[in-house]
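Colleague: Sequence and predicted structure, then a few things I'm wondering about:
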Amino acid sequence: MTRSSKQERAYQKRRQESWDKRSREKAARRRRTTMVVATIVGLAVVAAVIALLLVNRPDDEPSTQPTDAVPTETTTTAPADEAAPLPTTDPELYDSAPDPAEAEGRTWQVTVQTSAGDIGMEIDGVNAPQAAANFLRLARDGFYDGTACHRLLPSSLLQCGDPTATGTGGPGYGFGPVENAPEDDLYPAGTLAMARQSNNAESMGSQFFMVFADVPLPSDTAGGYSVFGRVTEGLDILQQVGSAGTVEGTEQPALPVTIEGVTID
């Protein structure tokens, strides 16, 4: 049975409406799919950026506390090498500390000629043979000649023996342990002792300090400071250097002191 024109038009209208409905539904599904995909991609990008920032973020700010033994260049409590000893111009010359037997069992009279005047010392190979042998070898080899004393605590001590005059120099090796440190942590005027890194008993090198007024220097986990002798003459010179104070903003002595030579009697 054939449909009338009116029925045909109604049929075609229903088909069109059905097709339009299906088209709208497909379009809606595509939009939802696109939104879901875009959301997933966006989250993935955000996650990737966060991960990249975490991986490449700058290191934490270093602690304001010194990492080396008390003191470093920025503290004013006690003497210390600033860092691991640096090699000399001839690293092969100093590949290790000298044998303590080189100074063991006796004392040595030494004169240190400086730009501020001569300083007499007695080196104690009896109670601090390792530190004494170390100082004597470096002195004989001219290691200290021309080096500037780089650090002053105006009330108590002058630190010398760094060939770089920065607090970071040394002979190319470190040695220890601590010898002959005072049990009460009190270093009287005239004390001659080795500087070292904090909490590191094996970090002594060439730097030493001369005390010109009694000073307490607290021990750390490595102990105290190796006392290897005493100042016998020239304490007044050191006191004059202390009285002149430091260069503004530094711990360098305002009255420069350079070691010109060392004579061992």
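Modeller: Perfect, I can see it now.

Colleague: Contacts only, for residue 122.
Modeller: Listed by Cβ atoms under 8 Å, 6 or more residues apart in numbering, the contact partners of residue 122 are 107, 108, 109, 110, 229, 230, 232. To be clear about C-beta, it is placed using only N, CA and C from the backbone, and glycine gets the same treatment.

Colleague: most surrounded residue in these?
Modeller: residue 229 (26 neighbours; other Cβ atoms under 10 Å).

Colleague: how far away is it from residue 252?
Modeller: For residue 229, the distance to residue 252 equals 24 Å [Cβ to Cβ, to the nearest Å].

Colleague: do residue 200 as well
Modeller: Taken as Cβ to Cβ, the span from residue 200 to residue 252 is 24 Å.

Colleague: who's in contact with stretch 237-257?
Modeller: With Cβ under 8 Å, 6+ apart as the test, stretch 237-257 has contacts from 73, 76, 114-119, 148-156, 158, 160, 210, 212-213, 231.

Colleague: Can you find the helix or strand of the protein with the lowest average pLDDT?
Modeller: For the chain, the helix or strand with the lowest mean confidence is helix 5-56, at a mean of 57 (criterion: mean pLDDT, DSSP states H and E).

Colleague: ok, the helix or strand just after it: who's next to it in the sheet?
Modeller: Using DSSP states H and E, the helix or strand that directly follows helix 5-56 along the chain is strand 107-114. Sheet pairing of strand 107-114 (DSSP bridges) gives strand 117-124 (antiparallel), strand 258-264 (antiparallel).

Colleague: and these, which is most packed in?
Modeller: strand 117-124 (a mean of 19; mean count of other Cβ atoms under 10 Å).

Colleague: rewinding a little: compare the strands paired with strand 107-114 and give me the one nearest residue 225.
Modeller: Shortest distance between residue 225 and these, using Cβ to Cβ, is found for strand 117-124: 13.6 Å.

Colleague: Extract the CA atoms of that closest one and return them as CSV.
Modeller: Extracted in CSV, the C-alpha atoms of strand 117-124 (Å, rounded to 0.1, in the frame of the first residue of the first chain):
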residue,chain,number,x,y,z
GLY,A,117,110.0,42.3,64.6
ASP,A,118,111.6,39.1,65.7
ILE,A,119,109.7,36.6,67.7
GLY,A,120,111.5,33.9,69.7
MET,A,121,109.9,30.5,70.2
GLU,A,122,110.6,27.2,72.0
ILE,A,123,109.3,24.2,70.0
ASP,A,124,108.2,21.3,72.2
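
Colleague: After that strand, which helix or strand is next? Please name it.
Modeller: Counting by DSSP H and E, what follows strand 117-124 is helix 129-140.

Colleague: Can you list the strands that the helix or strand following that following helix pairs with?
Modeller: Remark: after helix 129-140, the chain's next helix or strand is strand 147-148, criterion DSSP H and E. Using DSSP bridges, the strands paired with strand 147-148 are strand 258-264 (antiparallel).

Colleague: and the direction of the strand it pairs with versus that of helix 129-140, what angle?
Modeller: 110 degrees (axes from the mean of the first three to the mean of the last three Cα atoms, to 10 degrees).

Colleague: Let me see the residues that make contact with strand 258-264.
Modeller: 108-115, 136, 139-140, 142, 144-149, 160-161.

Colleague: Mind doing that once more with 7 Å?
Modeller: 108, 110-115, 136, 139-140, 144-148, 160 (Cβ atoms under 7 Å, 6 or more residues apart in numbering).

Colleague: Of these, which is the most crowded?
Modeller: residue 160 leads the contacts of strand 258-264 on contacts (other Cβ under 10 Å) with 26 neighbours.

Colleague: what about the closest residue to it other than its chain neighbours, how many neighbours?
Modeller: Take residue 160 and drop its neighbours on the chain: the residue closest to it by Cβ to Cβ, 6 or more residues apart in numbering is residue 149, 3.8 Å away. Burial of residue 149 is recorded as 27 neighbouring residues (other Cβ under 10 Å).

Colleague: and residue 149, what is it in contact with?
Modeller: Listed by Cβ under 7 Å, 6+ apart, the contact set of residue 149 reads 158, 159, 160, 253, 257.

Colleague: tell me the phi and psi of the first one?
Modeller: By that I understand residue 158. Backbone geometry at residue 158, expressed as degrees, to the nearest 10, gives phi -120, psi 130.

Colleague: Thank you, goodbye.
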